[in-house]
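Participant: Dropping the sequence and predicted coords here.
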Amino acid sequence: MTKFLGALLVVFALATLWSAQAQGPAKSPAYTVITVEKMHCDGCAKRIANKLYEVDGVEKIQVDVEKKLLWVHPQAGKQLSPRGLWEAVEKSNDRPIQLQGPRGTFTKKPQS
């Protein structure tokens, strides 16, 4: 009985491993992380977030004021424009330092 359970456990482990590999490599996160220069308080964060919500396809924004980071999540099936996000931060009177997302990492205004 013990040998049977051991064999069953091995088969289950191999099937799980094979299933994970069949799905392919992990996909990049759909969200974009923006590092900004001057976000000092919740008021700054709200001002920047309000401009980011104006970008087509933005669904949700998470903020870490202390680290000066914003996580911008797209609506299902949408891809966010790196340039649009960059310009939204600029319109909020702040300066993006880095934008990192599915379309790459940018330290200056993206072309698209």
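Facilitator: Done, it's in.
Participant: Count the neighbours of residue 34 for me.
Facilitator: Neighbours of residue 34 under the rule other C-beta atoms under 10 Å: 28. Every C-beta, even on glycine, is put in place using the N, C-alpha and C of the backbone.
Participant: whoops, I mixed them up, residue 94
Facilitator: For residue 94, the tally of surrounding residues (other C-beta under 10 Å) stands at 22.
Participant: so it sits in a strand?
Facilitator: No - looking at residue 94 with DSSP: H, G, I helix; E, B strand; the rest coil, it is coil, so not inside a strand.
Participant: Contacts only, for it.
Facilitator: Counting by C-beta atoms under 8 Å, 6 or more residues apart in numbering, residue 94 makes contact with 36, 37, 38, 39, 44, 47, 48.
Participant: Okay, and the beta partners of the spatially closest residue to residue 105 that is not a sequence neighbour?
Facilitator: For residue 105, ignoring the flanking residues on the chain, the nearest one in space by C-beta to C-beta, 6 or more residues apart in numbering is residue 98 at 6.7 Å. With DSSP bridges as the criterion, residue 98 is bridged to residue 35.
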